[in-house]
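> this one's structure only:
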């Protein structure tokens, strides 16, 4: 096994594309990336692991949803810098709840695969909303939405985040619990748009909060990078 791992020049290609293909139907389900650790975990466990560029960490496919990928074979291309995983997909491959991540036809100008799974129940509202924001970001100019308008106008987006933050403060100080919840939801949405603008996954914020567990606020501030 070590012989095959070393055929990839990880110094030259620290991240390689990994295509997940249904072992029975040959349908292409998704494309992700692997570093050396993810590749080795995939080979040793028999389940697909990837390196998430947005989350900046190793992730096992299906770690949240249970929609894992059982690896039946691994095919390395002629340049040893791309792999195809022949897999058995448990559940669906796409975080949108569709069987495949390739569901938008450019020539037909429409979505060609329906959702099969309720993603809110699996991933939670925050992650689902963030990915919806990314979809709006990549939408054509003709597709109008408030999210798209914010993403296309950075000054407007930043002013709205400041405005919503101030409204949360006012609500906490002076208004009802329901208004605090309403204003906080507005702030969270606009902050997620900001994260989408920078393409920073909310998972990285969760990682930072997890890092701070067990650390006092004073200590955390002292340890911040200048």
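Arrived safely, thanks for sending. Predicted, not measured: the structure shown is a model, and the values here were computed from it.

> could you use CA atoms for every contact and neighbour count after this?
Fine.

> tally of neighbours for the closest residue to residue 196 other than its chain neighbours?
Excluding its sequence neighbours, the residue lying closest to residue 196 (Cα to Cα, 6 or more residues apart in numbering) is residue 134, at 5.9 Å. By other Cα atoms under 10 Å, 19 other residues sit near residue 134.

> repeat that for residue 43.
Neighbouring residues of residue 43 were enumerated by other Cα under 10 Å; the total is 18.

> check which element follows the one helix or strand it maps to along the chain.
Secondary structure from DSSP states H and E places residue 43 in helix 36-45. Note on helix 36-45: by DSSP H and E, the next helix or strand toward the C-terminus is strand 49-52.

> got the phi and psi for the residue nearest to residue 196?
phi -60, psi -40 (degrees, to the nearest 10).

> that older thread, how about the helix holding residue 43: buried residues?
36, 38, 39, 40, 41, 42, 43 (16 or more other Cα atoms under 10 Å).

> now swap in stretch 22-33 and tell me
Using 16+ other Cα under 10 Å as the test for burial, stretch 22-33 gives 22, 23, 28, 29, 30, 31, 33.

> contacting residues around the fifth one?
What that stands for is residue 30. Each residue near residue 30 by Cα atoms under 8 Å, 6 or more residues apart in numbering is listed here: 19, 20, 21, 93, 94, 100, 101, 102.

> nearest to residue 192, of those residues?
Taking Cα to Cα as the measure, residue 192 lies nearest residue 94 of those, at 20.6 Å.

> what's the local residue count around that closest one?
Residue 94, neighbours per other Cα under 10 Å, totals 19.

> and if you look at residue 159?
Going by other Cα under 10 Å, the residues that sit close to residue 159 add up to 13.

> tell me which element it falls in.
Taking DSSP H and E as the definition, one finds residue 159 inside helix 154-174.

> what of residue 74?
Short version, using DSSP H and E: residue 74 is in strand 69-76.

> and the protein, what are its domains?
2-111, 124-216 (automatic domain parsing).

> would you turn these into TSV with mean pLDDT and distance to residue 117?
Output for these, formatted as TSV (pLDDT from 0 to 100; distance: least, Cα to Cα, whole Å):
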stretch	mean pLDDT	distance to residue 117
domain 2-111	93	5
domain 124-216	93	12
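
> as TSV, those with distance to residue 118 would be great.
Listed next are the domains of the chain as TSV, based on distance: least, Cα to Cα, whole Å:
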stretch	distance to residue 118
domain 2-111	6
domain 124-216	10
